[in-house]
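1. After the sequence you'll find the predicted model.
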Amino acid sequence: MNPPLLKIDNLSVSFSVPGGTVNAVRDVNLEIGRGEILGLVGETGSGKTTVGKAVVRLLEPTSGAIAIDGVDITHLSRRSMRPYRRQIQMVFQDPYSSLNPRMSVEQLIAHPLAIHGIGGRSERVKLVREIVEKVGLSKAVLGRYPGEMSGGQRQRVGLARALVLSPALLVADEPVSALDVSVQAGILNLLVDLQQELGFSCLFITHDLGVAEHLCDRVAVMYLGEIVEIGRREEVLVHGEHPYTKSLLEAVPIPDPTIQRGRERATLPGDPPDPLSPPVGCALSPRCPLADLRCEQEHPSLMAMRSGQTTSEALLGGDDHMVRCHRIQEAGLLVGS
Amino acid sequence: MTDISVAPPKVRRQRRRLGVFMKRKVAVAGGLGIVLIFLLAIFAPVLTQYSPTATDFSHLLAPPFSSGHLFGTDQLGRDTFARLIYGTQSTLEVGVVATLFGTAVAVPIGIISGYYRGWVDSVIMRITDVILAFPFLVIAVGLAAILGPSLRNAILALGIAQIPGVIRIARAEALGLREQEFVQAAVASGASDPTILVKYLFPNMLSPLVVQASVAIPGAILGSALLSFLGVGVQPPTPAWGSMLATAQTYLYQDYWLAVLPGLAILLTTLCFNFFGDGLRDALDPSIG
């Protein structure tokens, strides 16, 4: 069996802050196959961006391993990491701060090529022109500076900069959340088109379930640094079983006032717990309407919905919808309900 | 009857615009003044027939507008106008070169300190803290005294004295810039540290550095005047405004213009640079509308 393009094993990232240690990401396991788009959803502070930054090695993991094509890149030196940087590129959240204001569009997009010593001068110019056209910008913008462009145009430049290296994996960290709604759709459709044309895989980080539903093959939901549910798009976003996923789904506004008003909504009370002192048991237990004594005391593990097996066994059996919840595993309380 | 104590909105708006315009006008005037001072320095030999060092013992301490000397002569019969104009050369040289030198040394140190942080940063910052505890001029005078009096050493002393302040500015900028996403993007695309420092950090801190330099130059000019006043700067017979002031003290009662003229020259030059620097700061600072 071919190794998946990206394999994240028991990834943990913690930060030292005044007052203790924050475990921003706890034991995350993820796999992304070739040409697959995996959506990582969760609210602010859930650790989804931290996972993305660890994958592109902008943050050092505290423990765990990240492998690209079966090669462990977790502890590669800067020099030996360089060829893999070409494989993994990132699009950043804020198009206003992710482009060097002192470089023209042409310089911005050509710079990664120069760093990796790809092509001669004329070939680079050709590659830059090609990718600029692909992301839907005209050649006229090549001489412009980021300050002279709109947010949508800038994000297209950000996309071009990442894709000019033809990466195998694109980490997109909330690429549209800083943009106007009218511009978001354009960028998302562009991303889908480019993904189909170029065939890269994508780790798509977002807090917007609608966006995730629009373009992801599989979706993972994060809460307080852990994956609480993962599965194929419909499994999670339509038939999501974890109480947290359900509350997220119910919080998505429906653009029809009649339906929206008549909806039954079970929003979770309270706020996410202080990451400095997370709950002993299930991370959601203080807010969960189903929580019992076991939830408060015992940390649940990620288990397959259908077979109830643990992660690795279930994956072999093709059972890839997994949920981290005691109550669901117990006697099929919620299964099929 | 209309209430005359409250000006109509139109007038108020005009007044506000006038304020903005005046502010800009002062900066423009400062800029023009700087150009004029540079022209004086360059064309000094054309502007006066006298040598700044030639003595004329038949006209000692001549008053202004007498015996063919526009601003009179000093105690050795040297033409004051010529000495003032030629003095511009050494003054500008010290001010500009010292600032360029100080900035050139300090910026790389500041960038490295702010980008790498950690113990490198701590060591550099503690050293600058110690130096910054002394006033700028005290360090400059002390260094000039140790290095020995000459134009080159005055430049060195004033340049070195600027270094800690500029390090702090460059470090503060680097600290802010390293968290920017475009720097992270450069790291993610595999750029080496030197590339990031030179192409991503340095170009983005140019405006505060230019503003800093425009404030540092008049400081260095004032400093050079002090050094030559104390006799540890430019050495006679080379004309320098500070040393002209120092000698003029002796003749203050007979010939006050000997002191007034170089004093005015120092005042006007530093004013021009300061106005220009203020205008530049306002123009480059987006937070000031």
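-> Sure, I can see it. Numbering: from 1, shown residues only, chains lettered A, B, ... in the order given.
2. Please make it C-alpha for all contacts and neighbour counts, starting now.
-> Noted.
3. What segments of the stretch 201-337 of chain A are helices?
-> A:209-215, A:233-237, A:243-251, A:257-262, A:293-297, A:311-316, A:326-329 (DSSP state H, counting those that start in this stretch).
4. Buried residues, stretch B:251-267. List them.
-> B:251, B:255, B:257-259, B:261-263, B:265-266 (16 or more other CA atoms under 10 Å in any protein chain shown).
5. and if you look at stretch B:179-188?
-> Here stretch B:179-188 shows B:180-188 as buried, counting by 16+ other CA under 10 Å.
6. And for stretch B:59-66?
-> Taking 16+ other CA under 10 Å as the criterion, stretch B:59-66 shows B:59-64 as buried.
7. And stretch B:192-202, by the same measure?
-> B:196-197, B:199-202.
8. and A:A65, helix, strand or coil?
-> Look at A:A65: counting by DSSP: H, G, I helix; E, B strand; the rest coil, its state is strand.
9. Report the central residue of chain B.
-> B:I217 (1.4 Å; CA atoms, centre = their mean).
10. what sits against that residue?
-> B:95-96, B:98-99, B:273 (CA atoms under 8 Å, 6 or more residues apart in numbering or on different chains).
11. Ok, B:G33 next?
-> By CA under 8 Å, 6+ apart, the neighbours of B:G33 are B:269, B:272.
12. B:V183 contacts B:L177, doesn't it?
-> Yes. Assessed by CA atoms under 8 Å, B:V183 is found in contact with B:L177 at 7.2 Å.
13. Next, show the common contact partners of the two.
-> With CA under 8 Å, 6+ apart, B:V183 and B:L177 have common neighbours B:L201.
14. pretty sure A:T21 contacts A:L276?
-> Yes. If you go by CA under 8 Å, A:T21 and A:L276 touch, sitting 6.2 Å apart.
15. count of neighbours near residue 234?
-> If you meant another chain, say so; for now it's chain A. 14 (other CA atoms under 10 Å in any protein chain shown).
16. I was after chain B.
-> The number of residues near B:V234, taken as other CA under 10 Å, comes to 28.
17. And A:G35, by the same measure?
-> 17.
18. Show the backbone phi and psi for it.
-> Here is the backbone geometry of A:G35 (degrees, to the nearest 10): phi 70, psi 10.
19. and what of A:N29?
-> According to degrees, to the nearest 10, A:N29 has phi -120, psi 130.
20. how about it, what does it touch?
-> Contacts of A:N29 by CA under 8 Å, 6+ apart are A:7-11.
21. got a pLDDT number for it?
-> For A:N29, the pLDDT comes out at 90.
22. Likewise for A:P286?
-> 87.
23. right, and B:G72 touches B:A82 too?
-> No. With contact defined as CA under 8 Å, B:G72 does not reach B:A82; the gap is 10.0 Å.
24. how far away is the nearest residue to A:Q87 once chain neighbours are set aside from A:L108?
-> Leaving out its chain neighbours, the residue that sits closest to A:Q87 by CA to CA, 6 or more residues apart in numbering or on different chains is A:P167, at 4.2 Å. With the distance defined as CA to CA, to the nearest Å, A:P167 ends up 17 Å from A:L108.
25. swap in B:W241?
-> In terms of CA to CA, B:W241 sits 49 Å off from A:L108.
26. For those two, indicate the residue with more neighbours.
-> B:W241 (30 against 23).
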